[in-house]
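Student: Sequence unavailable; structure follows:
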């Protein structure tokens, strides 16, 4: 059934609308609001953070890999880490995989930190809101069709940021993309993921592949056990990262025995 979008109510409008409140979307919204733009952040679930609060408990990438690590990421992401530290909910520790210093945190506290930081910046939040379709005029997105607790409606903006993780907005706007699994193993087990590509990138298409997933328990047990090793050596005999001594912050839940 084709809906007549012209009959839908205008539920909100802003200068900038960010769709998806994962680490990228929340950071984009906070930066936008701090620069003075009326910013609206849409999230399909009831909290911010995306993968950082639903799945993970550790940030990587703040520091360079190797033994002599140095921090190379600052700005809003580092501010979030420092807000976690101020609550006693952040632990900097050696990475088990030689990826430099890792930042382990409490995901429930991070939910609060993301939301507080966004609201302090002036970001307006619409939770439990899913982007169903887009309105396009002359090759430009002019509005979103959203579904939420109040039903279907339209959100207008001057600029839209797609931070959905699956490029939902780009896909519905007609941006060129490569179907997952078209020229190699699918990036996800379902084989349904879509990877948007700009026109210049279509000639450089490549296969994306994600290694088989391990459970979170398996991952954390191995990682936290290796935290207590010094001058660790992997199975191949190669010298690993000099880890020193780490402390398992969640021994009871993870059963790592440290």
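Tutor: Done, it's in. What you are looking at is a predicted structure, and each value in this text was computed from that prediction instead of being measured.
Student: Endpoints of stretch 121-139, how far apart?
Tutor: In stretch 121-139, first residue to last residue: 31 Å (C-alpha to C-alpha, to the nearest Å).
Student: If you count neighbours, what's buried in it?
Tutor: Buried residues in stretch 121-139, counted by 16 or more other C-beta atoms under 10 Å: 121, 123-127, 129-135. Using the backbone N, CA and C atoms, a C-beta is placed for each residue, glycine as well.
Student: can you name the two of the residues you listed that are farthest apart?
Tutor: 121 and 133 (28.6 Å; C-beta to C-beta).
Student: So what touches the helix or strand harbouring residue 25?
Tutor: Assigning secondary structure by DSSP states H and E places residue 25 in helix 23-34. Contacting residues not belonging to helix 23-34 are listed as 16, 18-19, 21, 39, 41, 43, 48-52, 75-77, 114, 117-118, 121-123, 161, 163-164 [C-beta atoms under 8 Å, 6 or more residues apart in numbering].
Student: same thing but 6 Å
Tutor: Under the criterion C-beta atoms under 6 Å, 6 or more residues apart in numbering, residues 16, 18, 39, 41, 48, 52, 76, 114, 117-118, 121-123, 161, 163 lie in contact with helix 23-34.
Student: Out of those, the closest to residue 70 would be?
Tutor: Closest to residue 70, out of all of the contacts of helix 23-34 and judged by C-beta to C-beta, is residue 76, at 19.5 Å.
Student: longest helix of this structure?
Tutor: helix 107-121 (DSSP state H).
Student: pLDDT of it, averaged?
Tutor: Computed over helix 107-121, the mean pLDDT rounds to 98.
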